[in-house]
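Enquirer: I need the structure of the sequence given here:
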Amino acid sequence: MTEKLSLGPLLYNWPAERARDFYLRAADEMDVDRVFIGEVVCSKREPLHNGYIGEVIERLQHAGKQVILSTLALVTNRREINGLTSLAADAGDFLVEINDVTLLGSCKEKPFAVGPYVNIYNEDTLRFFEQLGASIITLPFELPRNTLAALAAGAESELEVQVFGRLPLAISARCYHARAHHLHKDNCQFICDKHPDGMAVNTLDRQPFLTVNGTQTQSHTYANLLQEMPDLQSVGIRNFRLSPHAVDMVAVARIFRAVQREEMDAVEGLASLRTIMPGAEYSNGFYHALPGKRMHTHATFE
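Expert: Down below sits the predicted model:
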């Protein structure tokens, strides 16, 4: 099976022009095989970005990249259900990534992708989705190595793991971003666009703790499985996802691709990544069955 590098959906509310330029640069310069595009966090953001989606998809396809349509991680009302149902019906040959099982009934007539927000923790659940037609499955963020290896051993679908980017830990019907600015969700004024990489949350002792992105709670640290990629390949994981951030993602993709192809070792890659993101805190704890926020620096595996 061919190994792939993916660009996951943009989780932050960037201005439309910035998001458009980001995807066009991804099409022309980023060494990735497929790009997930679509709103995952908040349905209120979708109309802000509809104007450039067609142009971006056309450019991505012209560049030879597979485009997959991502969908909401939490569906809360009839309007959102109708919107997702219409998207699935009009998707044509595009794969739709399901992040909430509400959409499952609309996609099971043809192949679809399953996103990391769907809880697939064991072989029976994996098989259930594969039998319904899942051809690409991005596994949940918190799975340790042994679970990933067990799932890969019996998988018929393409399994993918996020190897870079802040991890979404929870999503709510409430908008903490709006509440923090004394606004209501229905009149949020799209305040989340003030924080292109999410809003930092500190403890009472002013220690970095979490990140808020609209209705989504994320890790403070950036997940970084660069040194684990060779091990992931050895247990059968062939697909790796990068989550977009307000950094030079072209350079980030170049580093992960070089490690994926064994053109650069992980130590050198990590050093290069630190020059792109000075001061960033990384984590890989979940992979090593440790607290998720930790960074295990010695890549030894059983």
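Enquirer: list the buried residues in the helix or strand hosting A200.
Expert: Secondary-structure assignment from DSSP states H and E places A200 in strand 199-202. If you call a residue buried by 16 or more other Cβ atoms under 10 Å, then strand 199-202 has these buried ones: M199. C-beta here means a position set from N, CA and C on the backbone, and glycine is covered the same way.
Enquirer: same for that strand, what does it pack against?
Expert: Judged by 3 or more Cβ pairs under 8 Å, 6 or more residues apart in numbering; DSSP states H and E, the packing partners of strand 199-202 are strand 208-213.
Enquirer: the strand it packs on - what's its average pLDDT?
Expert: Model confidence over strand 208-213, given as mean pLDDT, is 92.
Enquirer: can you pull the buried residues of that strand?
Expert: Buried residues in strand 208-213, counted by 16+ other Cβ under 10 Å: 210-213.
Enquirer: ditto for stretch 256-272
Expert: By neighbour count on 16+ other Cβ under 10 Å, the buried set for stretch 256-272 is 256-260, 264, 266, 269-270, 272.
Enquirer: how about stretch 173-190?
Expert: 175-178, 185, 188, 190.
Enquirer: for A153, see how far away E281 is.
Expert: According to Cβ to Cβ, to the nearest Å, E281 and A153 sit 33 Å apart.
Enquirer: between those two, who's got more neighbours?
Expert: E281 (13 against 10; other Cβ atoms under 10 Å).
Enquirer: next, the contact list for that one, please.
Expert: Residues in contact with E281 (Cβ atoms under 8 Å, 6 or more residues apart in numbering) are 208, 220-222, 295.
Enquirer: chain center to the longest helix along the chain: distance?
Expert: Counting by DSSP state H, the longest helix found in the chain is helix 46-62. Relative to its chain's centre, helix 46-62 lies at 18 Å (Cα atoms, centre = their mean, to the nearest Å).
Enquirer: just list what the helix or strand that comes right after that helix packs against, helices and strands only.
Expert: For helix 46-62, the following helix or strand on the C-terminal side (DSSP H and E) is strand 66-70. For strand 66-70, the contact count by 3+ Cβ pairs under 8 Å, 6+ apart identifies strand 34-37, helix 46-62, strand 95-98 as packing neighbours.
Enquirer: check contacts around V161.
Expert: Contacts of V161 (Cβ under 8 Å, 6+ apart): 138-139, 143, 148, 225, 232, 237, 239-241.
Enquirer: out of those, who's nearest A16?
Expert: Nearest to A16 out of these is R241 (Cβ to Cβ; 23.7 Å).
Enquirer: okay, now the sheet partners of the helix or strand containing the closest one, with direction.
Expert: Per DSSP H and E, R241 falls inside strand 239-242. Strand 239-242 pairs in its sheet with strand 4-7 (parallel), strand 158-171 (parallel), by DSSP bridges.
Enquirer: could you measure H195 against R257, distance?
Expert: From H195 to R257 the distance is 28 Å (Cβ to Cβ).
Enquirer: with Q233 instead?
Expert: 13 Å.
Enquirer: same thing with D31?
Expert: Taking Cβ to Cβ, one finds D31 at 5 Å from R257.
Enquirer: list the residues that contact both of the two?
Expert: Contact criterion Cβ under 8 Å, 6+ apart; residues shared by D31 and R257: L5.
Enquirer: my read is that L270 contacts Q227, right?
Expert: Yes - under the criterion of Cβ atoms under 8 Å, L270 makes contact with Q227 at 6.5 Å.
Enquirer: run through who's touching stretch 27-38.
Expert: Defining contact as Cβ under 8 Å, 6+ apart, one finds that stretch 27-38 is touched by 4-10, 23, 26, 53, 56-57, 59-60, 62-63, 65-71, 97, 241-242, 249-250, 253-254, 257.
Enquirer: returning to what we had before: now do the strand holding R241: distance to the chain's middle.
Expert: Computed by Cα atoms, centre = their mean, the chain-centroid distance of strand 239-242 equals 8 Å.
Enquirer: which residues does L104 contact?
Expert: 98, 132.
Enquirer: quick check: which ranges of the chain have low pLDDT?
Expert: Across the chain, residues meeting the criterion (pLDDT under 70) sit at 1, 298-302.
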